[in-house]
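Visitor: Give the three-dimensional model of this entry:
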Amino acid sequence: MAVFPWHSRNRNYKAEFASCRLEAVPLEFGDYHPLKPITVTESKTKKVSRKGSTSSTSSSSSSSVVDPLSSVLDGTDPLSMFAASADPAALAATTDNSRKKRDRDDNSIVGSDFEPWASKRGEILARYTTTEKLSINLFMGSEKGKAGTAISAMSEKVRTRLEELDDFEEGSQKELLNLTQQDYVNRIEELNQSLKDAWASDQKVKALKIVIQCSKLLSDTSVIQFYPSKFVLITDILDTFGKLVYERIFSMCMDNHSILPDHFSPENVNDTAKETCLNWFFKIASIRELIPRFYVEASILKCNKFLSKTGISECLPRLTCMVRGIGDPLVSVYARAYLCRVGMEVAPHLKESLNKNFFDFLLTFKQIHGDTVQNQLVLQGVELPSYLPLYSPAMDWIFQCISYHAPEALLTEMMERCKKLANNALLLNSVMSAFRAEFIATRSMDFIGMIKECDESGFPKHLLFRSLGLNLALANPPESDRLQILNEAWKVITKLKNPQDYINCAEVWVEYTCKHFTKREVNTVLADIIKHMTPDRAFEDSYPQLQSIIKKVIAHFHDFSVLFSVEKFLPFLDMFQKESVRVEVCKCIMEVFIKHQQEPTKDPVILNALLHICKTMHDSVNALTLEDEKRMLAYLINGFIKMVSFGRDFEQQLSFYVEARSMFCNLEPVLVQLIHSVNRLAMETRKVMKGNHSRKTAAFVRACVAYCFITIPSLVGIFTRLNLYLHSGQVALANQCLSQEHGTLLFRDICRASAHNRQQWGSSADAFFKAAISLVPEVPKMINIDGKMRPSESFLLEFLCNFFSTLLIVPDHPEHGVLFLVRELLNVIQDYTWEDSSDEKIRIYTCVLHLLSAMSQETYLYHVDKVDSNDSLYGGDSKFLAENNKLCETVMAQILEHLKTLAKDEALKRQSSLGLSFFNSILAHGDLRSNRLNQLSVNLWHLAQRHGCADTRTMVKTLEYIKKRSKHPDMGHLTELALRLPLQTRT
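Guide: This is a model prediction of the structure:
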């Protein structure tokens with residue numbers, strides 16, 4: 001292929017910039033503001049036709065803010081319109097949604113400030129466990145009631161169902177013995193599923209039998225420690241049953257595809273639904289035993305809404321009185337708790353029954369300490385301090401329901417009644433757990449007095465102080481009482497011998513101390529915790545509580561200079577001996593530091609402490625550490641590094657970065673951050689010196705450059721290294737670090753005060769650029785991007801384009817010849833193995849052509865201050881321009897050879913695209929007054945259109961641009977070129 005000589009177009013960058021600048025238009029601001037809502041003028045046009053005349057229009061306009069989305073929809077929701085036109089099956093779905101909405105509305109009287117039962121369920125199941133063997137009665141039902149049995153008459157059906165109930169109550173059941181707790185839970189879950197399956201298969205009697213059977217289990221207290229958890233599991237089944245019955249009756253209320261309104265009255269319910277509802281209540285009333293009858297009726301209490309407006313208000317007092325017939329006080333209190341729970345769900349406004357339950361409980365409270373209960377505890381080997389906490393979940397729930405939005409007078413009355421009872425520690429604990437925190441906090445000293453009077457043997461005082469501390473963490477006591485409250489509480493807490501009891505209380509009161517006192521009191525509390533938890537390494541069993549204490553302390557001490565001046569804080573951290581827990585604590589501290597530290601710091605106390613914490617996180621990294629965990633640790637350490645600043649003491653700042661590099665060498669993102677920080681330090685030095693470095697600052701910035709040069713090779717990511725070499729080279733260039741000596745000599749002399757001349761100093765911009773060039777052959781074909789393998793050529797193209805823009809201003813070294821860096825880079829590009837189906841190599845060559853054209857100009861487009869680029873060094877020397885043009889011709893030959901190859905490979909579309917791209921490059925950078933270059937551009941234009949693969953619109957716009965340019969001065973030769981560039985039609 002013939003060689004085409006290259007001639008670069010002379011550029012006047014200032015004139016080009018001025019011609020491209022947007023015209024300044026004066027703007028009348030007035031009321032204008034870019035964020036002000038847009039006012040749209042809506043015009044309405046009416047067309048009036050008259051016989052024998054042309055049509056005329058009349059229009060009116062009004063200004064209003066119009067929402068374009070709403071106007072398009074015309075006020076209608078297309079999804080709702082679609083649903084409305086759907087088949088009748090959609091009506092059932094609408095009914096279901098309406099029912100759910102109604103259920104939510106029914107419960108909306110209870111606000112979000114009321115803690116639901118569901119939030120307590122998991123805690124109860126986790127707390128009340130047992131290792132003893134459990135038993136359960138299984139119903140072995142007959143086959144007479146199964147679905148699919150043909151029954152001829154309704155009377156026979158009713159009689160059969162009654163026989164099935166009798167059969168169940170007469171002992172057709174089997175007892176499973178020696179069940180573990182998990183087996184018991186699994187069996188209860190199976191019964192819950194059996195209930196749903198029986199209901200779905202229309203075996204309503206079987207479903208009722210399952211519920212009765214499960215309810216009977218609540219009368220069994222043979223394994224008393226498990227009773228609260230058993231209550232939770234059984235009431236789940238009761239809730240399921242109540243929901244199924246209610247939904248069944250509700251579905252019978254739909255007549256002619258109409259559904260009940262959200263707040264329906266009994267008059268809206270048809271007779272069939274009412275009869276079915278009464279039938280359920282009659283069935284339940286026939287249950288012989290009290291406990292199952294009570295629980296099953298309470299589970300369907302909501303169904304009274306179908307019968308009468310006063311049904312619920314009449315049933316609640318009756319059910320409350322039924323509980324009086326339950327002799328066991330533990331069974332009784334949980335029955336009351338279930339009734340209060342159901343009452344709050346269906347009729348939260350009916351407070352009378354809630355209060356009645358509470359006062360009835362107070363009358364029977366003395367039974368807890370009676371002979372019957374004591375004998376039962378002796379038989380089971382349970383002591384009173386272990387027995388009394390079993391009442392807490394039920395009592396807490398009853399107190400919560402009563403105290404919700406209750407007037408102050410009622411709460412005061414309830415507290416006074418509790419005072420009058422002997423052995424009232426259990427009641428007192430429930431009062432503090434359920435009543436509003438503000439109510440408890442304002443009466444803190446009264447509660448402390450009541451706690452002191454309690455009998456220690458029944459309910460431990462430290463649990464009472466813990467409950468009090470939980471309230472004081474949420475609400476503030478009177479300021480005058482705060483110190484006395486802490487002293488009284490800590491007198492009791494510090495005397496606790498059991499480390500677990502101690503730490504459970506101390507964890508709560510630490511927050512109160514941090515909230516209301518200074519670091520002196522916090523230090524005292526932390527010292528006391530260390531004293532109690534260190535013997536026999538008791539802290540190893542209490543890591544969750546110790547973590548909670550740390551979180552509470554750092555949540556209240558955002559000033560880390562104050563935090564680390566707390567003498568016992570770091571010794572407290574030393575108790576976290578388990579590495580995983582220790583790292584989690586360190587992460588919490590760093591997260592708070594990054595979030596709340598507003599100003600950079602150089603406080604040595606903070607730096608030493610946080611370096612120790614960051615080192616702990618870093619040293620936890622090993623081969624098994626997940627990438628997400630590494631990223632999180634690096635983010636926290638980088639946040640700390642960014643917040644360290646020694647002001648104008650740049651040498652101290654660099655010393656800190658040197659120390660940090662040695663400490664955090666296993667986390668690549670941290671090393672990257674350190675390199676960026678050192679580069680920024682060098683640029684800040686340049687800014688302070690206004691570009692005129694002294695001998696001392698010149699030595700310092702070279703030390704910064706050497707730091708980066710030594711650190712970059714330790715990184716793994718290939719493109720991370722390439723970009724950092726480029727970035728650091730630019731920083732070195734900006735600071736006039738241009739010598740060619742090796743950088744380690746410089747870095748070794750970082751602390752020396754004497755300065756050296758340019759030839760004696762080390763690492764330079766050229767060294768970075770050479771390192772980057774030598775790294776290009778190592779770029780793999782595929783790289784990992786966010787866990788996925790991607791081709792690397794596009795990333796390499798992006799890097800090289802940035803590299804070329806920097807090489808424009810890098811001066812040549814007198815010992816290495818003209819454009820030595822560009823030549824080295826071209827050799828690397830030529831030897832790199834490119835994909836056969838890729839054109840990235842040719843795109844890179846095109847960018848090189850742009851670079852060489854810019855290098856041939858008398859004055860370059862941009863410069864670095866106080867660095868002489870080649871335009872100043874060569875001054876348009878003819879030998880330099882000849883070498884430049886020779887390189888351009890070599891690059892052009894490579895491009896044309898590739899275009900020729902594409903024709904053989906039948907890659908015509910790629911050939912067309914690259915041909916047009918090369919044409920545009922010649923148009924932008926070449927001097928088309930050269931005949932041979934002009935002819936080459938014409939040939940490329942024809943090549944782009946030869947096989948009909950060119951984008952006609954692009955070709956048209958390109959030709960229009962050439963004609964427009966031809967009108968400019970010194971561009972007349974483009975007129976002739978435009979005449980030689982025909983447009984080929986699709987046909």
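
Visitor: from here on, contacts and neighbour counts on C-alpha atoms
Guide: Noted.

Visitor: for the top helix by length along the chain, packing partners?
Guide: Secondary structure of the chain per DSSP state H: the longest helix is helix 878-904. Packing partners of helix 878-904 (3 or more C-alpha pairs under 8 Å, 6 or more residues apart in numbering; DSSP states H and E): helix 840-855, helix 908-925.

Visitor: Where do the helices of the stretch 201-350 of the chain begin and end?
Guide: Under the criterion DSSP state H, counting those that start in this stretch, the stretch 201-350 of the chain contains helices at 204-216, 227-251, 271-285, 290-299, 311-323, 329-346.

Visitor: List the buried residues of the third one.
Guide: Okay, so that is helix 271-285. 273-274, 277-278, 281, 284 (16 or more other C-alpha atoms under 10 Å).

Visitor: and those as JSON lines, adding pLDDT and distance to Phe919?
Guide: Below are these laid out as JSON lines (pLDDT from 0 to 100; distance: C-alpha to C-alpha, whole Å):
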{"residue": "Ala273", "pLDDT": "84", "distance to Phe919": "85"}
{"residue": "Lys274", "pLDDT": "86", "distance to Phe919": "88"}
{"residue": "Cys277", "pLDDT": "89", "distance to Phe919": "87"}
{"residue": "Leu278", "pLDDT": "89", "distance to Phe919": "91"}
{"residue": "Phe281", "pLDDT": "89", "distance to Phe919": "91"}
{"residue": "Ile284", "pLDDT": "90", "distance to Phe919": "92"}
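
Visitor: Now tabulate the residues you listed in TSV and tack on distance to Val644.
Guide: Shown next, in TSV, are the buried residues of helix 271-285 (distance: C-alpha to C-alpha, whole Å):
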residue	distance to Val644
Ala273	74
Lys274	75
Cys277	73
Leu278	76
Phe281	74
Ile284	74
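
Visitor: Which members of the residues you listed define the maximum pairwise distance?
Guide: Ala273 and Ile284 (17.0 Å; C-alpha to C-alpha).

Visitor: quick one: buried residues of stretch 483-491?
Guide: Applying 16+ other C-alpha under 10 Å to stretch 483-491 flags 485-486, 489-490 as buried.

Visitor: List the contacts of that stretch.
Guide: For stretch 483-491, contacts defined as C-alpha atoms under 8 Å, 6 or more residues apart in numbering pick out 444-445, 448, 465, 513.

Visitor: May I ask which of those has the most neighbours?
Guide: Neighbour tally across these (other C-alpha atoms under 10 Å): the maximum, 25 neighbours, falls on Phe465.

Visitor: what about the strands in the protein?
Guide: Per DSSP state E, the chain carries strands over the ranges 40-48, 56-64, 134-139, 173-179, 782-785, 788-791.

Visitor: how does the chain divide into domains?
Guide: Domain assignment for the chain by the TED database gives 114-139+172-343, 648-753+766-778.

Visitor: most tightly surrounded among these?
Guide: Among those, ranked by average contacts under mean count of other C-alpha atoms under 10 Å, first place goes to domain 648-753+766-778 (a mean of 19).

Visitor: what mean pLDDT would you report for that domain?
Guide: The average pLDDT within domain 648-753+766-778 is 87.

Visitor: In stretch 929-943, which residues are buried?
Guide: Of the residues in stretch 929-943, 933-934, 936-938, 940-943 count as buried by neighbour count, 16+ other C-alpha under 10 Å.

Visitor: before we move on, what about stretch 920-928?
Guide: Within stretch 920-928, the residues that count as buried by 16+ other C-alpha under 10 Å are 920-923, 925-928.

Visitor: can you list contacts of that stretch?
Guide: When contacts are defined by C-alpha under 8 Å, 6+ apart, stretch 920-928 is touched by residues 6-10, 846, 850, 853, 933-934, 937, 973-974.

Visitor: Max pairwise distance over those residues: which two?
Guide: Longest span within the contacts of stretch 920-928, C-alpha to C-alpha: Thr846 and His973, 23.7 Å.

Visitor: Poorly predicted segments of the stretch 801-950 of the chain, please.
Guide: For the stretch 801-950 of the chain, residues meeting the criterion pLDDT under 70 lie at 905.

Visitor: and if you look at the chain?
Guide: Within the chain, the segments meeting pLDDT under 70 span 1-2, 25-109, 137-177, 255-258, 262, 422-423, 456-458, 739-763, 905, 985-987.

Visitor: distance between stretch 642-654 and the chain's centre?
Guide: Remark: stretch 642-654 is offset 33 Å from the chain centroid, using C-alpha atoms, centre = their mean, to the nearest Å.

Visitor: and what of stretch 941-955?
Guide: Once both centres are worked out by C-alpha atoms, centre = their mean, stretch 941-955 turns out to sit 51 Å from its chain's centre.

Visitor: what's the closest of the helices of the stretch 201-350 of the chain to Phe459?
Guide: Among the helices of the stretch 201-350 of the chain, helix 329-346 comes nearest to Phe459, with 15.9 Å by C-alpha to C-alpha.

Visitor: then the closest one to CSV, C-alphas only?
Guide: Extracted as CSV, the C-alpha positions of helix 329-346 are listed here (Å, rounded to 0.1, in the frame of the first residue of the first chain):
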residue,chain,number,x,y,z
PRO,A,329,-52.9,-18.8,89.5
LEU,A,330,-50.4,-19.2,86.7
VAL,A,331,-53.0,-20.7,84.3
SER,A,332,-55.4,-18.0,85.5
VAL,A,333,-53.1,-15.0,84.8
TYR,A,334,-52.3,-16.3,81.2
ALA,A,335,-56.0,-16.7,80.5
ARG,A,336,-56.5,-13.1,81.6
ALA,A,337,-53.6,-12.1,79.3
TYR,A,338,-55.2,-13.8,76.3
LEU,A,339,-58.6,-12.1,77.0
CYS,A,340,-56.9,-8.7,77.3
ARG,A,341,-55.0,-9.4,74.0
VAL,A,342,-58.2,-10.3,72.1
GLY,A,343,-60.0,-7.4,73.8
MET,A,344,-57.4,-4.9,72.6
GLU,A,345,-57.7,-6.3,69.1
VAL,A,346,-61.5,-6.2,68.7
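
Visitor: JSON lines for the buried residues of stretch 920-928, including distance to Gln857?
Guide: Converted to JSON lines, those look like this (distance: C-alpha to C-alpha, whole Å):
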{"residue": "Asn920", "distance to Gln857": "19"}
{"residue": "Ser921", "distance to Gln857": "16"}
{"residue": "Ile922", "distance to Gln857": "15"}
{"residue": "Leu923", "distance to Gln857": "16"}
{"residue": "His925", "distance to Gln857": "11"}
{"residue": "Gly926", "distance to Gln857": "12"}
{"residue": "Asp927", "distance to Gln857": "12"}
{"residue": "Leu928", "distance to Gln857": "16"}
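
Visitor: Can you report how many residues lie near Arg21?
Guide: Using other C-alpha under 10 Å: Arg21 sits among 8 other residues.

Visitor: So Ser219 sits against Leu330, correct?
Guide: No - under the criterion of C-alpha atoms under 8 Å, Ser219 makes no contact with Leu330, lying 9.7 Å away.

Visitor: buried set for stretch 397-416?
Guide: Using 16+ other C-alpha under 10 Å as the test for burial, stretch 397-416 gives 397-404, 411, 414-415.

Visitor: Out of the buried residues of stretch 929-943, list just those in helices.
Guide: Those of those mapping onto helices are 933-934, 936-938, 940-943, per DSSP H.

Visitor: what's the spacing between Phe4 and Thr890?
Guide: To Thr890, Phe4 is 9 Å away according to C-alpha to C-alpha, to the nearest Å.

Visitor: sorry, back to before: output the helices and strands packed on helix 878-904 in CSV; the columns should cover distance to Leu472.
Guide: Formatted as CSV, the helices and strands packed on helix 878-904 follow (distance: least, C-alpha to C-alpha, whole Å):
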stretch, distance to Leu472
helix 840-855, 69
helix 908-925, 74
